[in-house]
Structure formats: C-alpha cells, structure tokens
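*Asks:* Turn this into a structure:
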Amino acid sequence: EAAHWWNARYGATHSALFCGEIEKHASLIASSAYPSCASRLFDLKTILDFSNPHQPESARLRHEFGKPLQHWAAHSAAEVPALLNAVQQAAEQGLWCVGWLAYEAATAFDPAYAGAVHAAQPGQPLAWFGAHQPPLALAACASENQSTPRDVRWQSPLTREQFNTSVARIHEAIAAGDCYQINYTTALQAAANGAGSESAQAWFARLQSAQPGGYAALIDSADMQVMSVSPELFFDWDGSQILTRPMKGTAARGATPEADAQAAQNLRSSAKERAENVMIVDLLRNDLSRIAVPHSVKVPQLFQLQALPAVWQMTSDVVAQTRAGLRLVDVFAALFPCGSITGAPKRQAMRLIHALEPGPRGVYCGALGVVRPGLVPGRIHATFNVPIRTVVQHDGQLRCGIGSGITASAQADGEWEEWQHKQVFAKSLSLR
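*Replies:* Below you'll find the model as predicted:
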C-alpha cells in the first residue's frame, strides 16, 4: 500500500528504490535478531534543532518528526547517488528529508577514495535518510526526565604513547611534503547496556545541555540512534547560493572572565591556529570552485571566534553562487567529506588517516542534516553539519569520535590536552 502511494506521488523509479528497500530489510526486521525492530519502527523520533547559518541569533530551525513516510539506506557506494537523488526529488515535492552520510561514503563520489577509507562500520549503512511530511514546530526539546539511562563509562582504545607515535608520523609526512595538515581522530567507546530509543532521547537532552546551540539532531532509525550536537556547519545551500563554514582552531575556555578573554585573544592571534584554519579555507575554496559560477567564490569572514562551553573555536565563511542545474549529489561530489575533518591536500590526507586510524569513522566526520523544500518552487534547501561532537548508539555500543588538526607546529602535549577539552560534552552522559 505504501509503495502504491509512493509510486503515485513520486514515480516508478523511486518507487522501485522504495520497494527494493522494503525487500532488502523485510527479513531483517522480522528476524529474531531484531525482535523489537518492527514495533520500534513506528516509535521512531527525529529531533532537528539547527541554528540559522546566516543569522545565528534569529529563531532556530526546531522540529520534531515521528516515523518517516519512507526511508532510504545505501549499503554500498554505488547506491549513495541514487539515494541522494531520491531525497532531492522528495524535497522538491514538499517533503522534509533528514539523515546522514558516513565518512566512508566518500567512495561514492570519487574512486580515488577507495584506498583512503576503511569499509563501513559493520551492520551500518553508508547513508540513511527518512522522508517526512512538513513538520510541526518543536515546543521544547526532549526532557531528561523521560527516562533514566544507565551510566556511561567511556573508554579510549588509544593510549598516550600511541597518540605520540601517530603525531610523530604525521610530522614526518609533513616534513616529507606529503601533506600539510592531518585531522587525526579516535573513537571513545562505551557499553550501551541494552539502552534503546528512550535512552537515546534522554542522552540527547543531556548532550544538548552540555553543548547547546549549533546544529543538533537526534536521528533514530530503529536499530541505530545518532545524537549530534555539532557546532560546525558543513554547508547551507538554497539551490543557488552556498555557504560553508569550516571550524579549525581551538583554545580552552578560561576559568575567569579575564582568563577567558585572554584565551580568546590568544587563539585569535595564534599563528599556528590561523594557519590551521586558512589551510582548510583554501581547500574549501578549491572544492567550491568545482560547482561555482566563475569568480563567485568569496571569503567574507575569516578567523571568527565562536564560544562553546569548554572551548573557543575559530571559523571562517566561504561562499559561492552555484551553477544552474546543479543537484544535491553534485554538491556532495564536490565537497564531501569536509576538508576540516580530513586535512590537506584532501586525498593524501585521507590516505594517511587510513594508515593511522585502525577502523572506520562512521557517521562521525561524515555529514548530517536536512533537505527541505526551498522558497522558490521546485528548488530545495539543504543544511548539513559536520557531525563532530556526535554520539552513535548501535549494536549495544556507544561511540564518540574525538580529534584535531595536526600541523607542522602542533605539539603532542597541546593536542592531547585539546582532545580532553573536546570530550567534556560526552562526559555529560555519565551520571552526576
């Protein structure tokens, strides 16, 4: 019945994709390995709480969605472009599509990435989106009183000695001229202890309390919950104008107003942090030029500071007018993954990341966002974050990526300390 509705509204091509997804997942949903999945499919909750990228002080894009009318999951690189095309067509027809792409989906857009990323996380797709009717405004975020999830005890698989060794290897690669910045990461891990959707909603509320603002979303796809409180915009595209806002450069907040002001000034004037930022600005200028009207790529803001609860972050804006006839898949092909979480030059940086990091990043460092109808009929409006400060619950485990950009002037002690500051938000999931 749902397939007939989809076919009538969106045509046979995307109906076939819909039916293919039904056939692909029907046995999984019914299997004894996922005994509650079928019922939970009708209790899914997606929460969207995004800043307005152009006017951060204005009203936020805050909505709550129930079960999707349809969802797409791409389990191979070859399926990702078709998924994005289906998402765009659904948004053009009036639906709101919320979802994510894993970092490893990069292979869908450039064969050169095939040897630069790991295989996808076991049991997780490379991309997932749900399509929804236009939403109601979210009056209030999920309450922490909804449930009391078990305590979360994070463990890091990376020792300090291993970290120092990796930083030294990155410095060797930079000295050899192979690259000039590497975004190096690891994944904190914890047992979810049988937690499900209700716990994810309570955890998301805690994460938002610890790191408010930014581009936050909870996306529940039944057997996987993504809780993102990312402060970083990947891109905002209205079908004509595109804005990217890479976030590179970090300093810990000060303990007093005077110390905090000094920390901000030190970050603003740091040659090391400014170099880290401008390297990625140049990378994104180059990426945007692939889809931009000639001579339209501009950098209207450089080295702006953003105050987060535990750290100061440095951002810059890169904008462009996109060429006529561009599609969402073309934007991803030009920009994905965001250079702020790879390093530069992008392909070589990703190859070194593959050698240094033992497994896939998954949703962390991919893209998460919403594709909705545009103000101009027939156009879409897409807003995506870079899912840093993001926790994923899947298969009884919680994962949370932490990382930083390593340049020639980076010191292991300083980078290690930066990692400790960046993971403060995740520790809000521990019982207080």
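
*Asks:* can you map out the strands along the stretch 301-432 of the chain?
*Replies:* Taking DSSP state E, counting those that start in this stretch, the strands of the stretch 301-432 of the chain run over residues 311-321, 343-344, 367-373, 380-385, 390-394, 397-406.

*Asks:* Could you do the stretch 151-300 of the chain as well?
*Replies:* Under DSSP E, counting those that start in this stretch, the stretch 151-300 of the chain gives strands at 181-191, 215-220, 224-230, 233-237, 241-244, 247-252, 298-307.

*Asks:* Buried ones in the first one, by neighbour count?
*Replies:* Read it as strand 181-191. Gln181, Ile182, Asn183, Tyr184, Thr185, Thr186, Ala187, Leu188, Ala190 (16 or more other CB atoms under 10 Å). To be clear about C-beta, it is placed using only N, CA and C from the backbone, and glycine gets the same treatment.

*Asks:* The last one now?
*Replies:* By 16+ other CB under 10 Å, the buried positions in strand 298-307 come out as Phe303, Gln306.

*Asks:* Use 21 as the first number from now on
*Replies:* Taking 21 as the first residue, the last one we looked at is strand 318-327.

*Asks:* what does that strand rub up against?
*Replies:* Applying CB atoms under 8 Å, 6 or more residues apart in numbering, the contact partners of strand 318-327 are 251, 267, 269, 273, 284, 287-288, 294, 297-298, 301, 305, 332-340.

*Asks:* please redo it, this time with the cut-off set to 7 Å
*Replies:* The contact list for strand 318-327 (CB atoms under 7 Å, 6 or more residues apart in numbering) reads 251, 284, 287-288, 294, 297, 301, 305, 332-339.

*Asks:* quick one on the thing from earlier: and the buried residues of strand 201-211, which is closest to Thr179?
*Replies:* Checking these against Thr179 with CB to CB, the nearest one is Thr206 at 10.1 Å.

*Asks:* quick revisit: just name the closest of the buried residues of strand 201-211 to Glu435, please.
*Replies:* Using CB to CB, the buried residues of strand 201-211 come closest to Glu435 at Tyr204, 8.0 Å.

*Asks:* before we move on, the earlier item: now restrict the contacts of strand 318-327 to buried residues only.
*Replies:* Using 16+ other CB under 10 Å, the buried ones in the contacts of strand 318-327 are 251, 284, 287-288, 294, 297, 301, 305, 332-339.

*Asks:* Farthest pair within the residues you listed?
*Replies:* The widest separation within those (CB to CB) is 25.8 Å, between Ala284 and Arg305.

*Asks:* quick revisit: just name the closest of the buried residues of strand 201-211 to Arg419, please.
*Replies:* Nearest to Arg419 among the buried residues of strand 201-211, with distances taken as CB to CB, is Ala207, at 4.9 Å.

*Asks:* Now that that closest one has come up, it's in contact with Gly421, right?
*Replies:* Yes: in this structure, Ala207 is within contact of Gly421 by CB atoms under 7 Å, at 5.1 Å.

*Asks:* Please identify which of the strands of the stretch 321-452 of the chain is closest to Ala220.
*Replies:* Closest approach to Ala220 among the strands of the stretch 321-452 of the chain is made by strand 410-414 (5.6 Å; CB to CB).

*Asks:* who does that closest one touch, helix- and strand-wise?
*Replies:* On a contact count with 3 or more CB pairs under 7 Å, 6 or more residues apart in numbering; DSSP states H and E, strand 410-414 meets helix 217-230, strand 244-250, strand 417-426.

*Asks:* now the helices for the chain?
*Replies:* Under the criterion DSSP state H, the chain contains helices at 22-30, 32-50, 57-60, 100-112, 180-195, 217-230, 277-289, 291-309, 348-355, 366-376, 432-442.

*Asks:* would you turn these into TSV with distance to Asp69?
*Replies:* Output for these, formatted as TSV (distance: least, CB to CB, whole Å):
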stretch	distance to Asp69
helix 22-30	28
helix 32-50	27
helix 57-60	22
helix 100-112	19
helix 180-195	33
helix 217-230	7
helix 277-289	26
helix 291-309	25
helix 348-355	22
helix 366-376	30
helix 432-442	20
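
*Asks:* do you know which of the ones you listed lies nearest Ala151?
*Replies:* Per CB to CB, nearest to Ala151 of the helices of the chain: helix 100-112, 4.7 Å.

*Asks:* What are the contacting residues of that closest one?
*Replies:* Residues contacting helix 100-112 (CB under 7 Å, 6+ apart): 30, 34, 37, 92, 94, 117, 125, 128, 146-147, 149, 151, 347-349, 352, 391-393, 398, 400.

*Asks:* Likewise for stretch 335-352?
*Replies:* Contacts of stretch 335-352 (CB under 7 Å, 6+ apart): 101, 104-105, 107-108, 129, 255, 257, 260-267, 297, 301, 304-305, 308, 311-313, 316-324, 326, 391, 400, 402.
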